[in-house]
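> got a sequence here, can you build the structure:
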Amino acid sequence: MSVVLEAEISPQMSTEAAVRLAELAEEAGFARLGISDVVYWPDSFMVQALCAQATRRIAVGAMVTNPYTRHPVVLAAALATLDDLAGGRAFCGLGVGAGLEPLGIDYPKPVAALRRAVTEIRTLLGGGEVGGERLIRPPTHPIPISIGTRSPQVMRLAGEVADIALVGGRYLSAGLAAQYRSWLAEGAGRVGRTLEDLEVAPRLTLCCSADGDLARRSVKRYVAHYLTLIRPAELDVDPDRMTAVEAALERSQGWYFDHNRTDDSALDELIDNRLVEAFTIVGTPEECAQQLEAVLDMGFTSVSLNLAATARRTAAEGLAETITSFSPVVAALASHL
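The predicted structure is shown next:
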């Protein structure tokens, strides 16, 4: 059985530090490296290019970009350039996008926008015309396109058109895994495909350290964010606790994945280890290995891991700890293929 592990880094640190994290991810054995595309943060595609230059094996791409701030034609040209630089290691993650409200963008017609983006990108990368024009230098390698989503409608679209479907909102259960496959299969069936025609990877958060308690404390804000977003009924969270978590998030500041954020202190008690472990791959390398094995037992052969920094002095230091601590897990998994 071949297992694909994908790592995602949000590039809030210096470019030099982001490139070093890419090198660590490659050394750890990850198959793909995604660079988050976040407005007002360091430019994802510039960071991708530098990461591609500094590595030799790992695939590099956006995790995920969107068709609103980046026109599909612009994306196709950027992908062709990245693939040329990376020697055929580029991929592209697409999604509806997040955090675009300050730009006055309200995600109009997301399914139609993503469908058009995939169609136009693929046409241009294949040497065809969009708007009566072609890319001057189309790629010589196929470039996989992944679609990341929690939406049933977009998941059906991924079943139709994606090479890779990145599904879910950090929480995963056997029931949800089956539901995701059902939506993907429904979309695939519309165009005569099956689930075997695409790679399916749940999107999960990873925080790993020799100090398992530190790792668990480091992701409480992540868990609070996704708990209030997903609200899994099977977790049976008391309504009063959920209300208190929502209030604590209102008092917190910054993105949940921003290392310089301010987390309300009430989250420390409201988000207990049961909730932390329900929403993340977290803890010591041994604990993370057990949790990852449980995911693979649900029938997945790919996992997309959004890397969370341990609570160290800087984001780069915390992310490096997560990568290096987790590397024995990657190596052990590879040795059993």
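> contacting residues around the nearest residue to residue 102 once chain neighbours are set aside?
Nearest residue to residue 102 in three dimensions, chain neighbours excluded: residue 39, at 7.3 Å (Cβ to Cβ, 6 or more residues apart in numbering). Placement of C-beta: from N, CA and C, glycine included. Contact analysis of residue 39 by Cβ atoms under 8 Å, 6 or more residues apart in numbering lists 69, 99, 100, 102, 103.
> report pLDDT for the residue of the chain most remote from its centre.
Distance from the C-alpha centroid of the chain peaks at residue 132, with 33.9 Å (Cα atoms, centre = their mean). For residue 132, the pLDDT comes out at 97.
> tell me what the lowest-mean-pLDDT helix or strand in the chain is packed against?
Sorted by mean pLDDT, DSSP states H and E, the helices and strands of the chain end with helix 315-335, the least confident at a mean of 93. Here helix 315-335 touches strand 4-9, helix 15-28, strand 199-208, helix 285-296, strand 302-307, going by 3 or more Cβ pairs under 8 Å, 6 or more residues apart in numbering; DSSP states H and E.
> could you rerun that using 10 Å?
strand 4-9, helix 15-28, strand 199-208, helix 212-218, strand 280-283, helix 285-296, strand 302-307 (3 or more Cβ pairs under 10 Å, 6 or more residues apart in numbering; DSSP states H and E).
> contacts only, for the residue farthest from the centre of the chain.
Shown in contact with residue 132 (Cβ atoms under 10 Å, 6 or more residues apart in numbering): no residues.
> okay, and for the stretch 201-337 of the chain, where does confidence drop off?
335-337 (pLDDT under 70).
> ok, which stretches of this protein are strands?
With strands called from DSSP state E, the chain shows them at 4-9, 32-35, 59-65, 90-94, 145-149, 164-167, 199-208, 280-283, 302-307.
> poorly predicted segments of the stretch 1-150 of the chain, please.
Those would be 1, if you go by pLDDT under 70 across the stretch 1-150 of the chain.
> just the helices in it please.
Under the criterion DSSP state H, counting those that start in this stretch, the stretch 1-150 of the chain carries helices at the ranges 15-28, 44-54, 72-86, 110-125.
> so which elements touch the first one?
Counting by 3+ Cβ pairs under 10 Å, 6+ apart, the packing neighbours recorded for helix 15-28 are strand 4-9, strand 32-35, helix 44-54, strand 59-65, helix 315-335.
> now those as a markdown table including distance to residue 121 and mean neighbour count?
Conversion of those to a markdown table gives the following (distance: least, Cβ to Cβ, whole Å; neighbours: other Cβ atoms under 10 Å):
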| stretch | distance to residue 121 | mean neighbour count |
| --- | --- | --- |
| strand 4-9 | 20 | 25 |
| strand 32-35 | 17 | 28 |
| helix 44-54 | 14 | 21 |
| strand 59-65 | 11 | 27 |
| helix 315-335 | 29 | 20 |
